[in-house]
Structure formats: C-alpha cells, structure tokens
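[1] Kindly generate the corresponding structure for this input.
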Amino acid sequence: MHRRRRSRGYFTVTASSYRGATDVSAATATADLRGATAAGLLRAVGQTRGRRYVAAPGLFSAIAVELGVDGLPAEAEAARSRVIGELGSRLLESVAPPGQPSLFDAAGLEKLPAEPDNAARTRSPT
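    Take a look at the predicted model:
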C-alpha cells in the first residue's frame, strides 16, 4: 500500500503511487500525469524526482460537469467543497435499502435543495 502525502490539505499523487494504483509502465504514468496537468486537472508541485501532483481547480469543474452540478462557485475551495458535498450526498442516498429512509433521514440531517437540473436524479424521500 502506498503512503499518501498531504499538501495543504489535499492528497497528492506521485508517478510511483499512480503506477502502483493503475499497473501501468513508468512512461505511461508520466504521460498520463503530464496530460492531466496540461488539461488543468492536476497541478505539479516540485521538481523531477520529488514531483507530486495535487488537484487543480479544473478537476473539480470537470467532476461537477460529470455529476451535472450547475452553478459551481469560481473560488477553488468553495468549488471543491461543493463537489465533495454532492458526492457525499449521493453516496449516503445510494446506500439506503430500497423502501427505507436514506442515511440523511435516519441521522436527522437536512438535505440541500436540489439544483433544477439535478431534480430528476435526486431520489424523493420515501
């Protein structure tokens, strides 16, 4: 198991940890990480051997598009929080057995109002 380092509160990826997680060659790992950096999904920190990659603002925007989340805040930390909140919300709702209240309901937590485009994807309370 690879040890993950944290950089300013974010998990980092190294070429070595990426290779271990994806079972690709060193050349492929380097090309993939460079491509993700060029696309604005990751940001490289450090030089050569010590280089690591952290999430760039474009990563959260790309995830938001895939999730169908509209109105993502421009500020990076707010965008990150919104995407993580949406993922957590969907995860909690997905683990409720059919016909049973979601974990939100069981814990007495309040759901955020669904975005208009997300209303079709949001499961109604039972």
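
[2] Put the alpha carbons of stretch 62-69 into CSV.
    What follows is stretch 62-69 as a C-alpha-only set of coordinates in CSV (Å, rounded to 0.1, in the frame of the first residue of the first chain):
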residue,chain,number,x,y,z
ALA,A,62,-14.7,18.5,-14.6
ILE,A,63,-16.2,16.4,-11.9
ALA,A,64,-19.1,18.9,-11.5
VAL,A,65,-19.9,18.6,-15.2
GLU,A,66,-19.9,14.8,-15.0
LEU,A,67,-22.2,15.0,-11.9
GLY,A,68,-24.5,17.5,-13.6
VAL,A,69,-23.8,20.1,-10.8
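
[3] buried set for that stretch?
    Using 16 or more other CB atoms under 10 Å as the burial criterion, the residues of stretch 62-69 that qualify are 62-64, 67, 69. Just so you know, the C-beta spots here come from the backbone N, C-alpha and C atoms, and that holds for glycine as well.

[4] how does the protein divide into domains?
    6-55, 59-118 (automatic domain parsing).

[5] and the ones you listed, which one's lowest on average pLDDT?
    Taking the average pLDDT of each of those, the minimum falls on domain 59-118, with a mean of 72.

[6] Counting by contacts, list what the host helix or strand of residue 85 packs against.
    Secondary structure from DSSP states H and E places residue 85 in helix 76-94. Other elements packing on helix 76-94 under the criterion 3 or more CB pairs under 8 Å, 6 or more residues apart in numbering; DSSP states H and E are helix 57-67, helix 103-107.
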